[in-house]
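Peer 1: Sequence below, structure please.
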Amino acid sequence: MAANLEKTEGIVLSSIEFRDRQRLIKVFTPHFGLMTLIVKGISKKAYHLISLTSLLTRGEFLFSKGRGEIFRFIEGTTLDMHLPLREDLCNLNVAGKLVHTILRSQFPGKPSPRLYALFVSYLTQLPSFIEKETILYSFYLKMLKHEGLLPSSSLFDPKDWKIVDILLSTRTFAAIRNISISDVLKKRIEEVFNHFIF
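Peer 2: Numbers count the residues shown, from 1 in each chain. Alright, predicted model coming up:
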């Protein structure tokens, strides 16, 4: 591999048409943080590029670093298009909120392998949840913990803290699959999350 070439796994968080047969994609990666790639040669015949540059696609990307913040895409492979997410509007809505959270909170060049792994697992598990928002609020809390902003029990009503503690500390999705979160608690988690993150 040439000296200025890098390879990474990543998930496409945004994809914008750019000039003729080009796309600018923003990709969340484990070791390069958020990165922007310019992908050329987009056409109806280049199906692999269309799928690879689609929102929520997880892939491997070979790219060339330059002096600016936009890197040149060389080639790539689609690993997972997360098709179950695309088949349900509720899934897409929650996935969009997860994406928005990453876009607002992460930075180019900031390695976040644990957060990346968490993000991948939550996107993968989302379609299997009946209560879609349970996984969203669990992610909010896990992200606070990841960023070293562990919320205190004093920020929540004692009866709500029991649920928060489970959402925050569980290591399995089975433990939160049947949890239903009240509207009051949802609002409080959002308030705490937005205060610390945004």
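Peer 1: care to break this protein down by domain?
Peer 2: 5-80, 83-197 (automatic domain parsing).
Peer 1: and the ones you listed as CSV, adding mean neighbour count and mean pLDDT?
Peer 2: Placement of C-beta: from N, CA and C, glycine included. Putting the domains of the chain into CSV (neighbours: other Cβ atoms under 10 Å; pLDDT from 0 to 100) gives the following:
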stretch, mean neighbour count, mean pLDDT
domain 5-80, 17, 94
domain 83-197, 16, 93
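Peer 1: could you pull out the strands for the chain?
Peer 2: 5-17, 22-29, 33-40, 58-64, 70-80 (DSSP state E).
Peer 1: could those strands go into a markdown table alongside distance to Pro113?
Peer 2: Converted to a markdown table, the strands of the chain look like this (distance: least, Cβ to Cβ, whole Å):
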| stretch | distance to Pro113 |
| --- | --- |
| strand 5-17 | 10 |
| strand 22-29 | 9 |
| strand 33-40 | 10 |
| strand 58-64 | 14 |
| strand 70-80 | 16 |
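Peer 1: Which one, of those, ends up nearest to Leu141?
Peer 2: Of all the strands of the chain, strand 22-29 sits nearest to Leu141, with 19.3 Å by Cβ to Cβ.
Peer 1: Can you work out which other helices and strands pack against the closest one?
Peer 2: When contacts are defined as 3 or more Cβ pairs under 8 Å, 6 or more residues apart in numbering; DSSP states H and E, strand 22-29 sits against strand 5-17, strand 33-40, helix 113-125.
Peer 1: closest to Ala95 out of the ones you listed?
Peer 2: helix 113-125 (6.2 Å).
Peer 1: quick one, the closest one and strand 58-64 angle?
Peer 2: Here helix 113-125 runs at an angle of 140 degrees relative to strand 58-64 (axes from the mean of the first three to the mean of the last three Cα atoms, to 10 degrees).
Peer 1: Can you give the contact residues for helix 113-125?
Peer 2: 11, 28-31, 56, 58, 80, 82, 85, 95, 98, 102, 106, 135, 138-139, 142-143, 146, 173 (Cβ atoms under 8 Å, 6 or more residues apart in numbering).
Peer 1: separation between the closest residue in space to Pro127 that isn't next to it in sequence and Leu141?
Peer 2: Excluding the flanking residues, the one nearest Pro127 by Cβ to Cβ, 6 or more residues apart in numbering is Pro84, at 3.9 Å. Noted for Pro84: a distance of 24 Å to Leu141, by Cβ to Cβ, to the nearest Å.
Peer 1: What of Ser43?
Peer 2: The value you get for Ser43 to Leu141, if Cβ to Cβ is used, is 43 Å.
Peer 1: circling back to that earlier point, compare the helices and strands packed on strand 22-29 and give me the one nearest Lys159.
Peer 2: Across the helices and strands packed on strand 22-29, closest to Lys159 is helix 113-125 (Cβ to Cβ), at 25.7 Å.
Peer 1: Run the angle between that closest one and strand 70-80 for me.
Peer 2: Using the same axes, to 10 degrees: helix 113-125 against strand 70-80 is 40 degrees.
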